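> Dropping a prediction and its sequence here:
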Amino acid sequence: SQTIHQWPATLVQPVGSPLSLECTVEGTSNPNLYWYRQAAGRGLQLLFYSVGIGQISSEVPQNLSASRPQDRQFILSSKKLLLSDSGFYLCAWSAPGRGGTDTQYFGPGTRLTVL
Amino acid sequence: EDQVTQSPEALRLQEGESSSLNCSYTVSGLRGLFWYRQDPGKGPEFLFTLYSAGEEKEKERLKATLTKKESFLHITAPKPEDSATYLCAVQARGSGSNYKLTFGKGTLLTVNP
């Protein structure tokens, strides 16, 4: 069966500091991978998605970037965090191909607080 | 622009009191509608995918239905462990939209014993 991991689970960072969140998926090959942010009182917002190694699409212009250095690894980064970057960050995966129509399965999330 | 509106924002039920959650959507061609359950501090857990009007799916005490403009999540004889936030999301047809899920803000369900 497939398993998705995220770390760290919780992170408190000062404004202006860098960020690196990691997501890995087990039990599948060449998954589609996604980064979402969930802010208080708002719905989940898609930030980035990837259909393969080195292939990243951005949905929302922002202070963040994503990379996929390996087939089942997805990293969310920032060079300088803003207060507005605080939120609950979720990684998700779906089966490869089929235009992304398969169900997306979410990881446990990372709670980021920027002070 | 795709939009999803969930109602009510919060719902309190007594154990055994059946009810329904609503998800109204506006999308330029529906590819799929998804229901998730989210417990506090955790990632959403997949419940159902619906693809076309008239489709229904069931899992234990939950039943999801779909029309051309909305979806309902019916909860029959709920138990306290059904307490959670229920999220609805849509996926639209069309180039550039294939991977994007547009989520509603969710309905917070509390079931009292």
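Thanks, I have the structure now.

> partner residues bridging residue A:11?
Beta-bridge partners for residue A:11, by DSSP bridges, are residue A:112.

> Show me what stretch A:81-88 is in contact with.
Applying Cβ atoms under 8 Å, 6 or more residues apart in numbering or on different chains, the external contacts of stretch A:81-88 come out as A:13-19, A:37-40, A:63-64, A:78, A:109-115. Where C-beta positions appear, they are placed from N, C-alpha and C, glycine not excepted.

> buried subset of these?
Burial of the contacts of stretch A:81-88 was assessed by neighbour count (16 or more other Cβ atoms under 10 Å in any protein chain shown); the buried members are A:13, A:19, A:37-38, A:64, A:78, A:109-110, A:112, A:114.

> Could you say whether residue B:81 sits in a helix, a strand or coil?
helix (DSSP: H, G, I helix; E, B strand; the rest coil).

> I'd like the distance between the closest residue to it other than its chain neighbours and residue B:80.
Spatial nearest neighbour of residue B:81, chain neighbours left out: residue B:111 (7.9 Å); criterion: Cβ to Cβ, 6 or more residues apart in numbering or on different chains. From residue B:111 across to residue B:80, the span is 5 Å (Cβ to Cβ, to the nearest Å).

> give me the beta-bridge partners of the residue minimising distance to the centre of chain A?
By Cα atoms, centre = their mean, the mean C-alpha position of chain A lies nearest to residue A:35, the distance being 2.8 Å. Applying DSSP bridges to residue A:35 yields these beta-bridge partners: residue A:48, residue A:91.

> for residue A:31, phi and psi?
When read as degrees, to the nearest 10, the backbone of residue A:31 gives phi -70, psi 160.

> what about it, how many neighbours?
23 (other Cβ atoms under 10 Å in any protein chain shown).

> same check, this time on residue B:12
13.
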